[in-house]
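1. Below is the sequence, then the predicted model.
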Protein chains: 2
Amino acid sequence: MPTIKDVAVKAQVSIATVSAVLNGTRPVSEPTRLRVEEAIRQLGYQPNRMARGLKQRKSQMIAHVLPSVMNPFFPAMLKGIEDIAYEADYSVLICNTEMDEKRIRRYSQLLLEMQTDGVVITAPGSDAIHELARSLREHGVPIVALHGPRSMDYVDRVLVNDEECGYLASSTLAKHGHQEIGFLGVDGSTTSRLRYQGFIRGLQSHGIELYRDYVLLGQGFSQEEGYRLGQMLFSNPSSWPNGIVAANDVMAIGLWEAALNAGLEVPEDVSLIGIDNTLASIMRPQMASVEIPTYEMGRLAGEQLLARITKNQEGTPVTIRLDPRLITGHTVQSRG
Amino acid sequence: MPTIKDVAVKAQVSIATVSAVLNGTRPVSEPTRLRVEEAIRQLGYQPNRMARGLKQRKSQMIAHVLPSVMNPFFPAMLKGIEDIAYEADYSVLICNTEMDEKRIRRYSQLLLEMQTDGVVITAPGSDAIHELARSLREHGVPIVALHGPRSMDYVDRVLVNDEECGYLASSTLAKHGHQEIGFLGVDGSTTSRLRYQGFIRGLQSHGIELYRDYVLLGQGFSQEEGYRLGQMLFSNPSSWPNGIVAANDVMAIGLWEAALNAGLEVPEDVSLIGIDNTLASIMRPQMASVEIPTYEMGRLAGEQLLARITKNQEGTPVTIRLDPRLITGHTVQSRG
DNA sequence: AGCGATAATCAAAACGTTTACGTGTTAACA
DNA sequence: TGTTAACACGTAAACGTTTTGATTATCGCT
């Protein structure tokens, strides 16, 4: 690989001049600039980013810390970040935490060793995650919490209005005349709690009674949990809700299966609506859901991060909150 | 950030010694080693990877070049690669090509500038992709083609047996007594062609006639194309296949919708089977499909790449080919 | 005591950039 | 004609590592 020195020799100038034409950091006369550019072309020279990074204490890399790229909720966010990074000539490092404390700590180290210029954190709050954020901040690495822990209010955040998600879901069922409405959520999850609060507001604003027996919380946002909770919900053959909101699409699908296994037709016997639209609009028949603009959120997070990196290093943290959008599907049917 | 020099001062040794205990590149006496380790701990020292990389001409980074992480076929592969990389203390850079020539070329440059130690390419063959591979090879960067162009036989490859995918799909329909079997594929795609070949073999080995009118090729592996081709297939109300193989799950779902819109029941009127199982086993009712072990393929690609990087730089290219597996679902019903 | 061998450590030169500072040349002006 | 400002460019010192010879101390042996 040719170095800047080779270019300098070939163009009969000093390396400082080559650097100048490369970065435009100071004026270079037309003729020499052309000579240098020609030399660069002929040698196929490409600057070495490690050397540059060493000198400038920057890597031109940002990282995305997320639970797992295999979870269909995240790839669109990652893509949004990457698109922004690409335009600004940054690369994206990917860090799957798998919710594993050890793994988070290792990545925490790695990101510092790599001189990562900024980090987007998309992960539920945990000791390790907060420790990671603290450590990065201490070393001056900008952070954006993308759909991250609400408690991380000391950094920029990009969030969806989760409360509104729940509201849209339950009021949709309400508008279709459902009176007994259930909710499937996840215990200990802030996201689930917020969606539940919105769910309640939806009921109240339509004057609908809340049946506590129809609110079930499980251990995770998985299809299995959706199925398990669904079974519980339908175990009493004399009484079940005729409309159910699930805290996310994957749970809703598990729930759907439970309904089918209990001999119920969807939406004839029971209406279903999910949240997040990772899968709802792909399914056939299409499922009702509340779309979360994950790609757009990724872009915004990327933009905010780059702004911090290149512009106002300091400044009070901002919070960007996007609104969800209802997706009508074929799993909600009007009652009475 | 403390540097190796700070550690050296604190431990009262030279930086060379610190480096020695860090990397174990040569013996250090017990007492000094302990002093150095203590100094490292107290200062919270972390080596600077850019500096190390500059000196060693290595970055400890590998890249995954893929069409788009939003395509559900790829995240599992990426995850497999990342898992292997993580274990070996490598980081993964992500490069979405979007099938865009310009973007591929930019990434081609970037990967060299970054001193990427190795690259996994998961992308259909195109001029730009081959140019990228050539350029990387020229600079001694190991490459693994993961589900990549068949024509890239000059590098290590990890593939699924695509022909077998098609075979499994069509023989499943055959075994269920279908006689008029259709195929939805993609024009100009090697993957689609191989699956079609297997499809043909499946028909032949069951003594079933091929109806050319029931073989339709579209422009891409999308749901829209699946729907469009499906419409064409069902446009003649007097004659349509009673079993159809789609070249991937997403197309199969589009096809499914077309069938519903044409007033056909699945699987009562027409049986469907997809390929790749990105979505089939999530759907309700579950769709029949042929599973491709994408996560495992990603791991194998990662392993092979790291082996090239750290061990036998040279050596004749190897090809690893994995077998697909049938996923039974509720979209195939026996006939006659 | 003198010698060579061995082990432990150090000093300094790389790696390929950027950048602060210095130097020379030209043009403008009094 | 000298002084000064502007411009174009070069020199050399960083950045934080690894690595290649030295160098020193210790020991065994004659």
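-> Thanks, I have the structure now.
2. residues contacting the closest residue to A:Thr319 other than its chain neighbours?
-> Leaving aside its chain neighbours, A:Thr319 sits nearest to A:Arg157 (4.6 Å; criterion: CB to CB, 6 or more residues apart in numbering or on different chains). Bear in mind the C-beta positions are built from the backbone N, C-alpha and C, glycine included. Residues in contact with A:Arg157 (CB atoms under 8 Å, 6 or more residues apart in numbering or on different chains) are A:Val144, A:Ala145, A:Leu146, A:Gly148, A:Pro317, A:Val318, A:Thr319, A:Ile320.
3. Which residues of the stretch 51-200 of chain A lie near DNA strand C?
-> A:Ala51, A:Arg52, A:Leu54, A:Lys55, A:Gln56 (CB under 7 Å from any atom of the strand).
4. Residue numbers of the stretch 201-336 of chain A in contact with chain B?
-> A:Gln223, A:Val250, A:Ile253, A:Trp256, A:Glu257, A:Leu260, A:Leu279, A:Ile282, A:Met283, A:Arg284, A:Pro285, A:Tyr295 (CB under 8 Å from any CB of the partner chain).
5. Give me the buried subset of those.
-> A:Gln223, A:Val250, A:Ile253, A:Trp256, A:Glu257, A:Leu279, A:Ile282, A:Met283, A:Arg284, A:Tyr295 (16 or more other CB atoms under 10 Å in any protein chain shown).
6. Widest-spaced pair of the residues you listed?
-> Across these, the longest distance by CB to CB is 28.3 Å; it joins A:Glu257 and A:Tyr295.
7. Just the closest residue of the stretch 51-200 of chain A to DNA strand D, please.
-> At 3.5 Å from DNA strand D, A:Lys55 is the closest residue in the stretch 51-200 of chain A, using CB to the nearest atom of the strand.
8. now the residues of the stretch 51-200 of chain A next to DNA strand C: which count as buried?
-> Among those, those buried by neighbour count (16+ other CB under 10 Å) are A:Ala51, A:Arg52, A:Leu54.
9. A:Ala8 - how many residues pack around it?
-> 18 (other CB atoms under 10 Å in any protein chain shown).
10. so it makes contact with A:Ser19?
-> No - taking contacts as CB atoms under 8 Å, A:Ala8 lies outside contact range of A:Ser19: 9.1 Å.
11. what is in contact with the two at once?
-> Joint contacts of A:Ala8 and A:Ser19 (CB under 8 Å, 6+ apart) do not exist.
12. Please, where are all the strands along chain A?
-> A:61-66, A:91-96, A:118-121, A:143-146, A:156-160, A:181-186, A:215-218, A:243-246, A:271-273, A:289-291, A:319-322, A:325-327 (DSSP state E).
13. Point out the other helices and strands that the third one packs with.
-> With contacts taken as 3 or more CB pairs under 8 Å, 6 or more residues apart in numbering or on different chains; DSSP states H and E, strand A:118-121 sits against strand A:61-66, helix A:127-138, strand A:143-146, helix A:294-310.
14. at 10 Å instead, please
-> With contacts taken as 3 or more CB pairs under 10 Å, 6 or more residues apart in numbering or on different chains; DSSP states H and E, strand A:118-121 sits against strand A:61-66, helix A:75-87, strand A:91-96, helix A:101-113, helix A:127-138, strand A:143-146, strand A:156-160, helix A:294-310.
15. Likewise for the second one?
-> With contacts defined as 3+ CB pairs under 10 Å, 6+ apart, the packing partners of strand A:91-96 are strand A:61-66, helix A:75-87, helix A:101-113, strand A:118-121, strand B:61-66, helix B:75-87, strand B:91-96, helix B:101-113.
16. any idea which of the strands of chain A is most buried?
-> Most buried of the strands of chain A, by mean neighbour count (mean count of other CB atoms under 10 Å in any protein chain shown): strand A:243-246, with a mean of 31.
17. Partner strands of it, with direction?
-> strand A:181-186 (parallel), strand A:271-273 (parallel) (DSSP bridges).
18. and of those strands, who's closest to B:Ile273?
-> Taking these one by one with CB to CB, strand A:271-273 is closest: 26.3 Å.
19. got the contact list for that closest one?
-> Residues from elsewhere that reach strand A:271-273 (CB atoms under 10 Å, 6 or more residues apart in numbering or on different chains): A:168-170, A:172-173, A:176-178, A:181-182, A:184, A:230, A:241-246, A:249, A:252-253, A:255-256, A:259, A:266-267, A:280, A:287-290, A:326-329, A:331-335.
20. Please apply the same query to stretch A:9-21.
-> So stretch A:9-21 is contacted by A:2-8, A:22, A:25-29, A:32-40, A:42-43, A:45, A:47, A:52 (CB under 10 Å, 6+ apart).
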